[in-house]
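Participant: with the input below, show me the fold.
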Amino acid sequence: MSPFIETIRIENGRIYNLPYHNRRMNETRRDVLHQTGSLDLDECIRPGNYRERTKCRVEYGKDILKVEYAAYHIRPVSSLRLVTGDEAAYRYKSTDRSVLNRLFALREAEDDVLIVRGGLLTDTSICNLAFWNGQQWVTPSVPLLAGTKRASLLDQGKIVTGDIRPEDLPGYSRIRLFNAMIEFGEIDLSVDKIVL
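Facilitator: Model (predicted):
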């Protein structure tokens, strides 16, 4: 079994969304590894020296295995290709991204893929999504990975969940891509940038 990972944003000495990362890590350890005790990422992350946006990558299993830090730069995304990935399963964030990498390779001239599973829109290869319907931002109710930023935005009431099918796209005007490293609104595209 591949190790699991949490990718945590650090900037100006601050750790972002730590309670959400701790919760997901401990849920994964409980659900997959049958661990009843909890780990606290705050005990192994040292954010003090990092001023620029930094990716803290924590590998774990029953225990914390590795903590790494790297400068983070947002990969530009200006277009998405719709791809079907009914076999795509990535409920638990792990080092094994083979299914996502296979789907990403289908992007052709676009910057990333928008993955359809079971007839519903889910995620890109690295981001959760939200679509603007003129009144609210709607995130797919069944993502490939329930991201920590997504959970935070739902708790704040900034996004709501809903089932979105490819044929529903004309009812939306904008799409935002976000994850633990990318703020909500930093990648904002017109829905017509999705290639069917």
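
Participant: which SSE is Ile182 in?
Facilitator: Under DSSP states H and E, no helix or strand contains Ile182.

Participant: per-domain residue ranges of this structure.
Facilitator: 4-71, 80-195 (automatic domain parsing).

Participant: now the longest one, how far from the centre of its chain.
Facilitator: It refers to domain 80-195. Per Cα atoms, centre = their mean, to the nearest Å, the displacement of domain 80-195 from the mean C-alpha position of its chain is 8 Å.

Participant: what mean pLDDT does that domain get?
Facilitator: In this model, domain 80-195 has an average pLDDT of 97.

Participant: do the same with the shortest one
Facilitator: Domain 4-71 shows a mean pLDDT of 95.

Participant: deepest of the domains of the chain, which one?
Facilitator: Comparing those by mean neighbour count (mean count of other Cβ atoms under 10 Å), domain 80-195 ranks first with a mean of 18. For every residue, glycine as well, the C-beta is placed using N, CA and C.

Participant: report whether the expected contact of Asn22 with Cys44 is present.
Facilitator: No. Using Cβ atoms under 8 Å, Asn22 is not in contact with Cys44; the gap is 11.2 Å.

Participant: ranges for the helices of the protein?
Facilitator: 18-33, 98-104, 148-156 (DSSP state H).

Participant: show residues contacting the shortest one.
Facilitator: Looking back up the chat, that one is helix 98-104. Val83, Gly85, Glu87, Ala88, Ala89, Tyr90, Asp112, Val113, Ile115, Ser125, Ile126, Leu144 (Cβ atoms under 8 Å, 6 or more residues apart in numbering).

Participant: same deal with stretch 170-177?
Facilitator: By Cβ under 8 Å, 6+ apart, the list of residues contacting stretch 170-177 reads 77, 80, 112, 124, 127-134, 137-138, 164, 184-185, 187-191, 193-194.

Participant: which of those residues fall in strands?
Facilitator: 80, 112, 128-132, 137-138, 187-190, 194 (DSSP state E).

Participant: would CSV of those residues with distance to Ala151 be doable?
Facilitator: As requested, these are exported to CSV (distance: Cβ to Cβ, whole Å):
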residue, distance to Ala151
Leu80, 23
Asp112, 22
Asn128, 9
Leu129, 14
Ala130, 13
Phe131, 18
Trp132, 20
Trp137, 14
Val138, 16
Ile187, 19
Asp188, 20
Leu189, 23
Ser190, 26
Ile194, 25
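
Participant: just the C-alphas of stretch 1-12, formatted as PDB.
Facilitator: Extracted in PDB, the C-alpha atoms of stretch 1-12 (Å, rounded to 0.1, in the frame of the first residue of the first chain):
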ATOM      1  CA  MET A   1       0.000   0.000   0.000                       C
ATOM      2  CA  SER A   2       1.300   3.400  -1.000                       C
ATOM      3  CA  PRO A   3       1.800   6.000   1.800                       C
ATOM      4  CA  PHE A   4      -0.800   8.700   2.200                       C
ATOM      5  CA  ILE A   5      -0.100  12.400   2.000                       C
ATOM      6  CA  GLU A   6      -1.300  15.800   3.200                       C
ATOM      7  CA  THR A   7      -0.200  18.800   1.200                       C
ATOM      8  CA  ILE A   8      -0.300  21.900   3.400                       C
ATOM      9  CA  ARG A   9       0.100  25.500   2.500                       C
ATOM     10  CA  ILE A  10       2.500  27.600   4.600                       C
ATOM     11  CA  GLU A  11       2.900  31.400   3.900                       C
ATOM     12  CA  ASN A  12       4.300  34.200   6.100                       C
END
